[in-house]
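>>> coords below, sequence missing:
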């Protein structure tokens, strides 16, 4: 596999040189973010940027600069070793990836911007980028999560679109970064609003023989799948912690999928049922409910009978990372409560109420009485 | 839970007595079959037959008679102990379950027939029952599997309907019998053809506080879910055996669900997408791909690099039971081959070709090249 890939890279790199003169308008890609998933995204993109003549070889990656224990700068080490030693150790990103600690400089020449940072940083990043990007830039967001504001939930793709006045697609799916990094077979879904051609360009940029990407015209549906599945993973973790078995777990996952679909469709009437059959829907839900830190911490929470808080378990189990599922459950609860929808979403509602200690973990299966109409 | 249930039973049993005189036309239920799942079905039904006044208290269960090692007859022991000591030991079925080794006698008075035998026995059973059942009888099939004949696949519900000239619903779902027997929360789906009222009656007969049943008007879709998911479980088992990780497993399960949907819709244009979101669809698929003997044997097959046949592994691991997934994969392959659809169903096709040794187990993820249009 590796050698075949290297042969491919070699061949197309030389192809590119000759076509460079013929095609001056190659797309230039910048990845904004360099964590675990961002680094894997850069690796996928770097592979295709070399192989496909419509993309400029060089892929820029904005690195939030850190000083490593060795005293070196993370961006310098990435550029010297071709490896993100902190967030994706052991994986070569491709020699055409250039780490850049200067955000504005990193995006300046790019017409394709890939956003893949923790979601709470996006508002600040967008503000810094206003007026600093190319006029013809297109964006894609790989960020899971949403901002709940007074006027309702705001998707990250919408935030990017509005603040930067550019089109923004999303890419979501059953994507455990480390498995994709070692080229295990996987799939993903690109969600787009209007422009099918732009979506196809994103698909070409990300697809590899072991990473199959499909485009669907449903940006909100795809993005909400990526966000809401973490709430279902909390519920699945409770079932695991209570040792209720695979039947119950499958039932809870199915009810979770139903609520993901219903919630998305109530928020955005354009959301399509078929989106939930894509990788971003059922497949990502399965992956997240089988492994993943949301499931794992929720399992520990239930094993302790809810007597140790999520904050405590997070601190102990996740080395400072925060559980997205717990905060998303809270945000979803706020939306449901504000709109009078709590009774329509017994699983989402119950997950939050268990997280805050209002109910015991076992109540996750007791809402059958509250079956929605 | 148990005490609450006993209270309920007590209350409604006495209710029944008073209403018995008012409602002489109570429905009488017979369960045809008394294996593991059949015994659990009898337990669920017995609970409701006592509780609901529209059903006669007594539930008859046809037992394929066996002599136990003790020398006693299985049906006698069930009637003495209230327990199917061979196929569901440790679980009380309800005192109102009457085991009957005489098939024709068992069905004679029933207007509601629940079929739950191995699928290869159904043709013979139907032949024996022609002219022996009540004219107003309704049937439901809990049997997974299909018969492939020269003229195409024949669903078990269709076999029952045609041979006995009665309406036949189906009940499928994420139903590991032993978990339902101990009242762990679970769901199921009733599929019906036309008559919503009859479907609702079946829903009432099976539903308990821990077993939630939903009716959908799509008998073929529900039944094909129950059949085809075993093929996907074989694929999932290969992924497990090759230790490809949760991402790949989720992708394979998703592709499997897509092929289940596409195959069902090509065979029966009436099949609905929404059926695959029900318990019979995504939830049963998850349960079967997490546990279950199809997945387990396929995992062992892949770990042995395909060098030990399924027949050998079955004999070693399943104490004489046959793997439904392997034979269903063969039947599906025959249909695909006969209709020229092989290329449209790379996963179903590849599963069969791996099972018969034409390809190695690792080829399960290599069909990405053959992505259907």
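That came in fine, so what should we check first? Please read all numbers here as calculations on a predicted model, not as lab measurements.
>>> Can you list the residue ranges for strands in the stretch 1-150 of chain A?
Under the criterion DSSP state E, counting those that start in this stretch, the stretch 1-150 of chain A contains strands at A:27-32, A:55-62, A:97-100, A:112-115, A:138-141, A:146-149.
>>> Run me through the strand neighbours of the third one, direction for each.
Within its sheet, strand A:97-100 is paired with strand A:55-62 (parallel), according to DSSP bridges.
>>> go on, the first one?
Here strand A:27-32 is paired, per DSSP bridges, with strand A:55-62 (parallel), strand A:112-115 (parallel).
>>> what's the most buried one of those strands?
Highest mean neighbour count of the strands paired with strand A:27-32: strand A:112-115, a mean of 27 (counted as mean count of other CB atoms under 10 Å in any protein chain shown). Using the backbone N, CA and C atoms, a C-beta is placed for each residue, glycine as well.
>>> From the chain's centroid, how far away is it?
Taking the mean of its C-alpha atoms, strand A:112-115 sits 13 Å from the chain's own mean (CA atoms, centre = their mean, to the nearest Å).
>>> Turn the strands paired with strand A:27-32 into JSON lines, columns for distance to residue A:279.
Shown next, in JSON lines, are the strands paired with strand A:27-32 (distance: least, CB to CB, whole Å):
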{"stretch": "strand A:55-62", "distance to residue A:279": "23"}
{"stretch": "strand A:112-115", "distance to residue A:279": "18"}
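>>> Adding mean pLDDT, write those strands out as TSV.
Shown next, in TSV, are these (pLDDT from 0 to 100):
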stretch	mean pLDDT
strand A:55-62	98
strand A:112-115	98
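>>> Tell me which of the strands of the stretch 1-150 of chain A lies nearest to residue B:306.
strand A:97-100 (39.0 Å; CB to CB).
>>> Enumerate the residues of the stretch 151-300 of chain A near chain B.
A:174-176, A:179-180, A:184-187, A:209-210, A:212, A:244-255, A:257-258, A:261, A:273-274, A:276-279, A:282-284, A:286-287, A:290-291 (CB under 8 Å from any CB of the partner chain).
>>> could you redo the last one with a cut-off of 6 Å?
A:174, A:176, A:179, A:184-187, A:212, A:244-248, A:250-251, A:253-254, A:282-283, A:286-287, A:290-291 (CB under 6 Å from any CB of the partner chain).
>>> what sits against the nearest residue to residue A:94 once chain neighbours are set aside?
Nearest residue to residue A:94, sequence neighbours excluded (CB to CB, 6 or more residues apart in numbering or on different chains): residue A:46, at 3.2 Å. Counting by CB atoms under 6 Å, 6 or more residues apart in numbering or on different chains, residue A:46 touches A:59, A:94, A:96, A:97.
>>> what do you get for residue A:78?
By CB under 6 Å, 6+ apart, the contact list for residue A:78 reads A:84, A:99.
>>> about what we covered before: of the contacts of residue A:46 - the most surrounded one?
The most crowded member of the contacts of residue A:46, judged by other CB atoms under 10 Å in any protein chain shown, is residue A:59 (29 neighbours).
>>> the domain parsing of chain A - what is it?
A:2-217, A:221-365 (automatic domain parsing).
>>> which residues of the stretch 1-150 of chain A score low on pLDDT?
Applying pLDDT under 70 to the stretch 1-150 of chain A flags residues A:1-24, A:149-150.
>>> List the buried residues in the one helix or strand residue A:179 maps to.
Residue A:179 is part of helix A:177-181, with elements assigned from DSSP states H and E. Within helix A:177-181, the residues scored as buried using 16 or more other CB atoms under 10 Å in any protein chain shown are A:177, A:179, A:180, A:181.
>>> now stretch A:236-254
A:236-242, A:244-254.
>>> follow-up on the earlier one: with distance to residue B:72 added, can I get the domains of chain A in JSON lines?
Output for those, formatted as JSON lines (distance: least, CB to CB, whole Å):
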{"stretch": "domain A:2-217", "distance to residue B:72": "52"}
{"stretch": "domain A:221-365", "distance to residue B:72": "32"}
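>>> out of those, deepest packed?
domain A:221-365 (a mean of 22).
>>> Could I get the average pLDDT for that domain?
Across domain A:221-365, pLDDT averages out at 94.
>>> now it: how far from the chain's centre is it?
16 Å.
>>> now swap in stretch A:160-167 and tell me
18 Å.
>>> Name the surrounding residues that touch it.
A:126, A:137, A:138, A:139, A:141, A:168.
>>> Does anything pack onto the helix holding residue A:179? Which helices or strands?
Applying 3 or more CB pairs under 6 Å, 6 or more residues apart in numbering or on different chains; DSSP states H and E, one finds that helix A:177-181 makes contact with helix A:36-51.
>>> The helix it packs on to strand A:55-62, inter-axis angle?
Using axes from the mean of the first three to the mean of the last three CA atoms, to 10 degrees, the direction of helix A:36-51 lies 160 degrees away from that of strand A:55-62.
>>> Cool, thanks, talk later.
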